[in-house]
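>>> no sequence for this one, just the structure:
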Ligand code: SAH
């Protein structure tokens, strides 16, 4: 299965590139895969009881639970059923990979729980064409959501501010050879202007507000989904914010409460 849209190749910005406002170097990771190749890597997985050769069945049961929770978009559910979450977590956590729980991925960061990832992807996808155009992800983390996005979008630009996680995501994604995923090391606060305008922007870390640069880099007709602080007196609580950019202006919709790691400036 070719995941790359040839027409988008021409418009892809050149690499290596610099994130202008912070001078952080940007490193792409691009290769091509068929999803048929997903089944047979990292032999250690096979040794772990309960999640191995039958991980497909475990994943299907996770998808069934997501559907029971109200998730309905076939393309999103199909992506959740095909990307192997257990390959993105440490070996010791493999048996929990298909539970609806967030898990540590190192450096105090977490991979979001499948229910939240699925919900955000559904919000991003809602009412849009079967395959979204270019999408920007802030917070690559272990690369799991970037892999899901690769099945739903023509191009994925994913930025991570922690070098060790950027490297980990590149390792996790290498065998999938997703030609349309571009991993960028840098601060995502200013977005990534070279890939703009985006059909979608999705953040996996929550700040006080959505940076104006992200809204500026959204295409008209595009949608942004991000956790933000619920307000100064909210004692650290966050809500999911949906921002639609229309020809008449920007429309914001506040969704349910969520808990995400903080959006931080700079790189480390
Ligand atoms: N989507 C990820 C979730 C990672 S958690 C996954 O599937 O694993 C959120 C990530 O956002 C963390 O790795 C954190 O380092 C990163 N992050 C926080 N602020 C950021 C910023 N300004 N720019 C880029 N990444 C950021």
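The structure has been received and is ready for your questions. Worth saying up front: this structure is predicted, and the values here are computed from it rather than measured.
>>> how about the residues of the stretch 101-250 of the chain by the ligand?
105, 109-112, 138-139, 141-142, 144-145, 159-162, 165, 187-189, 204-205 (Cβ under 6 Å from any ligand atom). In short, each C-beta sits where N, CA and C put it, glycine included.
>>> buried subset of these as a ChimeraX selection?
Selecting the buried subset of these in ChimeraX, with 16 or more other Cβ atoms under 10 Å as the burial test, is done by:
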select :105,109,110,111,112,138,139,141,142,144,145,159,160,161,162,165,187,188,189,204,205
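>>> out of the residues of the stretch 101-250 of the chain next to the ligand, list just those in strands.
Among those, the members found in strands (DSSP state E) are 105, 109-111, 138, 159-160, 205.
>>> most centrally placed residue in this structure?
The centre of the chain sits closest to residue 145, judged by Cα atoms, centre = their mean, with a distance of 3.2 Å.
>>> residue contacts, that residue?
Going by Cβ atoms under 8 Å, 6 or more residues apart in numbering, residue 145 touches 112, 117, 121, 137, 202, 204.
>>> let's see the pLDDT reported for the closest residue to the first one other than its chain neighbours.
Excluding the flanking residues, the one nearest residue 112 by Cβ to Cβ, 6 or more residues apart in numbering is residue 102, at 5.5 Å. Residue 102 is assigned a pLDDT of 97 by the prediction.
>>> residue 102 contacts residue 114, correct?
No - with contact defined as Cβ atoms under 8 Å, residue 102 does not reach residue 114; the gap is 9.3 Å.
>>> more crowded one of the two?
Counted by other Cβ atoms under 10 Å, residue 102 and residue 114 do not tie: residue 114 has more neighbours, with 25 against 18.
>>> verify the stated contact: that one with residue 96.
No - look at residue 114 against residue 96 with Cβ under 8 Å: they stay out of range, at 11.1 Å.
>>> part of a helix, is residue 176?
No - applying DSSP: H, G, I helix; E, B strand; the rest coil, one finds residue 176 to be coil, outside a helix.
>>> understood, closing this out.
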